[in-house]
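1. this one's structure only:
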């Protein structure tokens, strides 16, 4: 599971999903747009539009799935509920992973039912090479005894561990910067998949701040 607002999906999101799948030999990566992210501002375009852009971005990429399950639920998009839904589908013995970026990881202890996340899945942090922040005390407590150093160790059981993973590319693309460029009429070429860029420009999405 790789969640996010995907507002809009960009090549950094998609490349991270591909490299995550390769690094951990995952069957598939569910890219799940959040309808109402509890700890983020409201996305700039509608959930259905963000899902359409994500599907265009993924296209026929093997192993990547645009998963709309959070958009079909009422209320805030809690990751614990999404993982519970995935766990019911894959069964108790399957290995389930929730991947997130470093900034989101630093706030993990503030998430809804953070202990339940580890009961349902492993957590994989896509680390930034230049980021080595001191962890908040509540996060340190949450992670006690959970961190492992190797993917093989992580995948030896269905859930409960944490792995920090540095992916090869780590493309420094920001959705905030993409939105700013679109609002200013600047080029977003090579930041987004061509089909995503074409739909955004054709529909005038993100045109105004």
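-> Looks like it arrived, so ask away. The structure presented is a predicted model; accordingly, all values stated were derived computationally and were not measured.
2. where's residue 179 relative to residue 7, distance?
-> Per Cβ to Cβ, to the nearest Å, residue 179 is found 7 Å from residue 7. Backbone N, C-alpha and C define where each C-beta goes, glycine included.
3. do the same with residue 207
-> Residue 207 is 14 Å from residue 7, by Cβ to Cβ.
4. out of these two, which sits in the more crowded spot?
-> residue 7 (25 against 12; other Cβ atoms under 10 Å).
5. Leaving out chain neighbours, which residue sits closest to the more buried one?
-> Nearest non-adjacent residue to residue 7, counting by Cβ to Cβ, 6 or more residues apart in numbering: residue 43, 4.2 Å away.
6. Double-check that the one you found belongs to a helix.
-> No: counting by DSSP: H, G, I helix; E, B strand; the rest coil, residue 43 is not found in a helix; it is coil.
7. show me the contacts for it.
-> Taking Cβ atoms under 8 Å, 6 or more residues apart in numbering, we find residue 43 in contact with 5, 7, 34, 37, 50.
8. Let's see that with 7 Å instead.
-> With contacts defined as Cβ atoms under 7 Å, 6 or more residues apart in numbering, residue 43 is in contact with 5, 7, 50.
9. Can you list phi and psi of the first one for me?
-> Read that as residue 5. Dihedral angles of residue 5 (phi, psi; degrees, to the nearest 10) stand at phi -80, psi -30.
10. separation between it and residue 154?
-> Residue 5 is 26 Å from residue 154, by Cβ to Cβ.
11. if I look at the residue nearest to residue 7, how far off is residue 14?
-> From residue 43 over to residue 14 the distance is 18 Å, taken as Cβ to Cβ.
12. got it, and residue 46?
-> From residue 46 to residue 14 the distance is 21 Å (Cβ to Cβ).
13. same check, this time on residue 101
-> 14 Å.
14. So for the two, which sits in the more crowded spot?
-> Neighbour comparison, residue 101 and residue 14: the larger count goes to residue 14, with 25 against 17 (by other Cβ under 10 Å).
15. residues contacting the more buried one?
-> Each residue near residue 14 by Cβ under 7 Å, 6+ apart is listed here: 57, 58, 193.
16. Please report phi then psi for the second one.
-> This points to residue 58. phi -70, psi -40.
17. quick one: contacts for it?
-> For residue 58, the contact set (Cβ under 7 Å, 6+ apart) comprises 14, 31, 64, 66.
18. Now do the SS call for the second one.
-> Right, the one you point to is residue 31. Look at residue 31: counting by three-state DSSP, its state is strand.
19. I'd guessed it sits against residue 1; true?
-> No: with contact defined as Cβ atoms under 7 Å, residue 31 does not reach residue 1; the gap is 8.4 Å.
20. Who has more neighbours out of the two?
-> Neighbours were counted for residue 31 and for residue 1 using other Cβ under 10 Å; residue 31 has more, 26 against 21.
21. Now residue 94: closest residue in space that isn't a chain neighbour?
-> Excluding its sequence neighbours, the residue lying closest to residue 94 (Cβ to Cβ, 6+ apart) is residue 158, at 6.2 Å.
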